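Colleague: Give the three-dimensional model of this entry:
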Amino acid sequence: MKIVRVEERNSVLIQELVDVWESSVQATHLFLSPDEIHHIKQYVPQALTDVPILMVAKNKEGKPVGFMGVADQTLEMLFISNEYRGKGLGKQFIQYAIENYAINKLTVNEQNPLAKGFYEYMGFEVYKRTALDEQGNPYPLLYMKRSLL
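Modeller: I've put the predicted structure just below:
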């Protein structure tokens, strides 16, 4: 699996990444209804365009299967296509982000315990919780920072 930084974010790539996002969210965000996923999906292209650092993992056919966004030493987004989950790609992304962008913070949905456990495994700890997400929806967020080992 090759992870590359993407500078040019054309409409084809954005759509491929939205598809990765949707596959990931449908597999991991079981607390969201199909209507909620559809609503949130409308904002994903702008988030992909706006994030300062966008890394994409491509399979051997060159198709995107995961992506990560970083801003100011914070992991802003990490999504992996459902068919590639559990194969070490998330770990590769986090290690790459720590080594190359010194990430030390992230936010995760409390209702996504697998992601929370993964980030804990990768050395992050919860330091703050909010009852609502950034849009004011009732999805508690956990703010995590990298523990100093």
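Colleague: In this structure, which helix is the longest?
Modeller: helix 11-28 (DSSP state H).
Colleague: what about it, distance to the chain center?
Modeller: Distance of helix 11-28 from the chain centroid (CA atoms, centre = their mean, to the nearest Å) equals 11 Å.
Colleague: what's the answer for stretch 102-115, then?
Modeller: Its chain's C-alpha centre and that of stretch 102-115 lie 9 Å apart, by CA atoms, centre = their mean.
Colleague: Identify the bridge partners of T107.
Modeller: Beta-bridge pairing of T107 under DSSP bridges involves Y143.
Colleague: Averaged pLDDT, the longest helix of the chain. What do you get?
Modeller: The pLDDT scores in helix 11-28 average 95.
Colleague: Just the element for the most centrally placed residue in the chain, please.
Modeller: Nearest to the mean C-alpha position of the chain, by CA atoms, centre = their mean, lies L78 at 1.6 Å. For L78, the host element (DSSP states H and E) is strand 74-80.
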